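Participant: have a look; sequence and predicted model below, questions after that.
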Amino acid sequence: TGIVLENAADMAACFPELWPTREAAKKDGQRKGTNDYYRDLYNSRMSPSSVEVTYRPVGAGHRARTAR
């Protein structure tokens with residue numbers, strides 16, 4: 001779909017076929033975080049038009065989040 005979310009709850013909400021729960025998304029992120037190659041591989045695939053954005057879900061108590 002062309003987007004990488006960093007928040008596990010948002011990942012599960014937007015892509016339930018990949019991560020049925022927040023915990024599943026969080027565990028997947030932890031596995032990727034232990035492998036240094038993941039971020040290097042991801043960065044090498046970014047096109048020149050790729051950007052990092054900050055968003056904040058509607059509602060009280062939500063903090064800013066990052067997506068690429």
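Facilitator: Looks like it came in fine. Numbering: from 1, shown residues only.

Participant: what's the mean pLDDT across the lengthiest helix in the chain?
Facilitator: Identified as the longest helix of the chain according to DSSP state H is helix 22-34. Mean pLDDT, computed over helix 22-34, is 81.

Participant: just stretch 4-15 next, same as before
Facilitator: 91.

Participant: stretch 55-68 too?
Facilitator: 92.

Participant: how far does it sit from the chain's center?
Facilitator: 13 Å (CA atoms, centre = their mean, to the nearest Å).

Participant: hey, C-alpha coordinates of that stretch in PDB?
Facilitator: The C-alpha coordinates for stretch 55-68 follow below in PDB (Å, rounded to 0.1, in the frame of the first residue of the first chain):
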ATOM      1  CA  TYR A  55       0.300  12.300  12.300                       C
ATOM      2  CA  ARG A  56      -1.900  12.300  15.300                       C
ATOM      3  CA  PRO A  57      -5.100  10.300  15.500                       C
ATOM      4  CA  VAL A  58      -8.300  12.200  16.400                       C
ATOM      5  CA  GLY A  59      -9.200  12.100  20.100                       C
ATOM      6  CA  ALA A  60      -7.900  13.100  23.500                       C
ATOM      7  CA  GLY A  61      -4.600  11.600  24.700                       C
ATOM      8  CA  HIS A  62      -3.100  10.600  21.300                       C
ATOM      9  CA  ARG A  63       0.500  11.500  20.700                       C
ATOM     10  CA  ALA A  64       2.100  12.300  17.400                       C
ATOM     11  CA  ARG A  65       3.200   9.200  15.500                       C
ATOM     12  CA  THR A  66       5.500   8.600  12.500                       C
ATOM     13  CA  ALA A  67       4.900   6.900   9.200                       C
ATOM     14  CA  ARG A  68       7.000   6.600   6.000                       C
END
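
Participant: buried ones in the longest helix of the chain, by neighbour count?
Facilitator: Within helix 22-34, the residues that count as buried by 16 or more other CB atoms under 10 Å are 25-26, 29. Yep, even glycine has a C-beta here, placed from its N, CA and C like the rest.

Participant: that one - contacts with which helices or strands?
Facilitator: If contacts are counted by 3 or more CB pairs under 8 Å, 6 or more residues apart in numbering; DSSP states H and E, helix 22-34 sits against helix 8-14.
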